[in-house]
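Chemist: predicted model, plus sequence, below.
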Amino acid sequence: MSFILFHFSCSKDVGRVKSSLCDSLDVKYSVDIAPIMINCSTPGCHDGTSAPGNFTTYAGVKAKVDEGKMKSRVLIIKDMPPAGPLPDSLLQKLDCWIKNGAPNN
């Protein structure tokens, strides 16, 4: 005895444009990201003297983004900051900024 199984799948998205959250957010380093980094650049953390990375400057933040450590630690593992994950609204802004190339704007 033999069985033949057919599976058909189709989707109809004609006329609809799929967009992501990042399409609707205009995230800027100076307005959205730098204020988040102020909390990370306190004495004893990412202030350029103790913890790896200096988050008091764009260049320091961008270096961690380029290494992949910002995304890994803050967005994926969520073990930074040590006090607990950032609120979802800030995580979304940070994610969109990174996805857009982490511009200095």
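Modeler: Thanks, I have the structure now. Worth saying up front: this structure is predicted, and the values here are computed from it rather than measured.
Chemist: CA only for contacts and neighbour counts going forward, please
Modeler: Noted.
Chemist: the most centrally placed residue in the chain: what's it in contact with?
Modeler: Centroid-nearest residue in the chain, with C-alpha atoms, centre = their mean: Asp95, separated by 2.0 Å. With contact set as C-alpha atoms under 8 Å, 6 or more residues apart in numbering, Asp95 has these partners: Lys71, Leu75.
Chemist: what is the helix-or-strand element of the chain with minimal mean pLDDT packed up against?
Modeler: Taking mean pLDDT, DSSP states H and E as the measure, helix 21-24 is the helix or strand of the chain with the lowest mean score, a mean of 85. Counting contacts by 3 or more C-alpha pairs under 8 Å, 6 or more residues apart in numbering; DSSP states H and E, helix 21-24 packs against helix 88-99.
Chemist: now do the buried residues in the helix it packs on.
Modeler: Under the neighbour-count criterion of 16 or more other C-alpha atoms under 10 Å, helix 88-99 has Leu91, Gln92, Lys93, Leu94, Asp95, Cys96, Trp97, Ile98 buried.
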